[in-house]
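Task: produce atomic coordinates for the following.
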Amino acid sequence: MKRLPQYYLANYMGLEPVERRIALRKFCETSAGYWGYGAFNLCTSEILGAETGFLGKLDPVSDAQVEQLIRSSCTSGSGHEFTSNLQVAKALIQYVKSREITARYFEMPSARFGAGEFLRYWNDLIVEIDGERFVLCIDPKLNGLTSKGMHIVRSIAQVQIIEGLPKLAGFKPAVLYFPKSDSGKRYAMLRKSSSDEFHSYDELHRRYVETYSQYADVLEEIRKESDGSGATGTLI
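Residues are numbered from 1 along each chain as shown. Predicted coordinates:
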């Protein structure tokens, strides 16, 4: 059984069993071509002007340099890939210009779940935005993390990363995401939480196990349907 894509996994972990099963069934029945935001991810540190230790603070990059880097890094041959990556990069550039932001390279660990699955939703950066310090998940996908998925990601960052590293005391988990305006333009939004909103590790682990158990049931149900032997999956 293949692992679920990590952003889908977070979204599904945020659902209750009946909703989750419906979403998993839809995921398993939907196939589509894929391209990602790797080109945008390559220039995130440069846009944020991150300090990188040995190299010091990265020089500011121009809009033209960002566009060239994204163009050269898009690999699918899809014009939509280039346009989408560039739109998000421009949105991040505007966000940086409108805030007081400092960023520094920091090697982040991954969060471990289950039998050797390591989840990683954050960059190797610590970021201060308008005086608040964050472990930041940057989600460039237009239909990426849902509000419940963001809650899961922030909770994982809190209980497995921030609470486990004394150097990160006082940091908060947050998600920077990029919705689309009525005019079709992407813009950056920061979603953060207060400490009393986080799921515990035990709750996160329970949701993780339940999600994969239901995923296996749905795959088996679909297999039996395709074999003509009928579905035997349970509702939850």
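
Would you map the helices across the chain?
Here the chain has its helices, by DSSP state H, at 6-13, 17-29, 38-42, 44-48, 63-73, 79-98, 147-156, 201-227.

Point out the one among those that comes closest to Tyr187.
Judged by Cβ to Cβ, the one of these that comes nearest to Tyr187 is helix 79-98, at 5.1 Å. (Each C-beta comes from the backbone N, C-alpha and C, glycine too.)

tilt between that closest one and helix 63-73?
150 degrees (axes from the mean of the first three to the mean of the last three Cα atoms, to 10 degrees).

so which of the helices of the chain gets nearest Lys185?
Nearest of the helices of the chain (Cβ to Cβ): helix 79-98, 7.4 Å.

How about residues contacting that closest one?
With Cβ atoms under 8 Å, 6 or more residues apart in numbering as the test, helix 79-98 has contacts from 35-37, 39-40, 43-44, 47-49, 63, 66-67, 70-71, 73-75, 138, 140, 142, 176, 178, 185-188.

Please pick the buried ones from the residues you listed.
Neighbour-count burial (16 or more other Cβ atoms under 10 Å) applied to the contacts of helix 79-98 gives 35, 37, 39-40, 43-44, 47-48, 66-67, 70, 73-74, 138, 140, 176, 178, 186-188.

Nearest to Arg104 among the helices of the chain would be which one?
helix 44-48 (9.5 Å).

which strands and helices sit next to the closest one?
For helix 44-48, the packing partners by 3 or more Cβ pairs under 8 Å, 6 or more residues apart in numbering; DSSP states H and E come out as helix 63-73, helix 79-98, strand 101-105, strand 125-129.

So which of the ones you listed has the densest surroundings on average?
Mean neighbour count (mean count of other Cβ atoms under 10 Å) peaks for strand 125-129 among those, with a mean of 20.

what's the angle from that strand to strand 101-105?
Using the same axes, to 10 degrees: strand 125-129 against strand 101-105 is 170 degrees.

Strand 125-129 pairs with which strands?
Using DSSP bridges, the strands paired with strand 125-129 are strand 101-105 (antiparallel), strand 132-139 (antiparallel).

Adding distance to Ala115 and mean pLDDT, write those out as CSV.
Listed next are these as CSV, based on distance: least, Cβ to Cβ, whole Å; pLDDT from 0 to 100:
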stretch, distance to Ala115, mean pLDDT
strand 101-105, 31, 92
strand 132-139, 24, 96
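
Take those strands and write them to TSV, including distance to Cys28.
Below are the strands paired with strand 125-129 laid out as TSV (distance: least, Cβ to Cβ, whole Å):
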stretch	distance to Cys28
strand 101-105	38
strand 132-139	23
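
which stretch among these comes nearest Glu19?
strand 132-139 (20.8 Å).

List the contacts of the closest one.
By Cβ under 8 Å, 6+ apart, strand 132-139 touches 7, 41, 44, 92, 108, 121-123, 125-128, 145, 150, 153-154, 157, 161-162, 168, 170-178, 192.

Which positions within that strand qualify as buried?
By 16+ other Cβ under 10 Å, the buried positions in strand 132-139 come out as Arg133, Phe134, Val135, Leu136, Cys137, Ile138, Asp139.

now stretch 3-14
Buried residues in stretch 3-14 (16+ other Cβ under 10 Å): Leu4, Tyr7, Tyr8, Leu9, Ala10, Asn11, Tyr12, Met13, Gly14.
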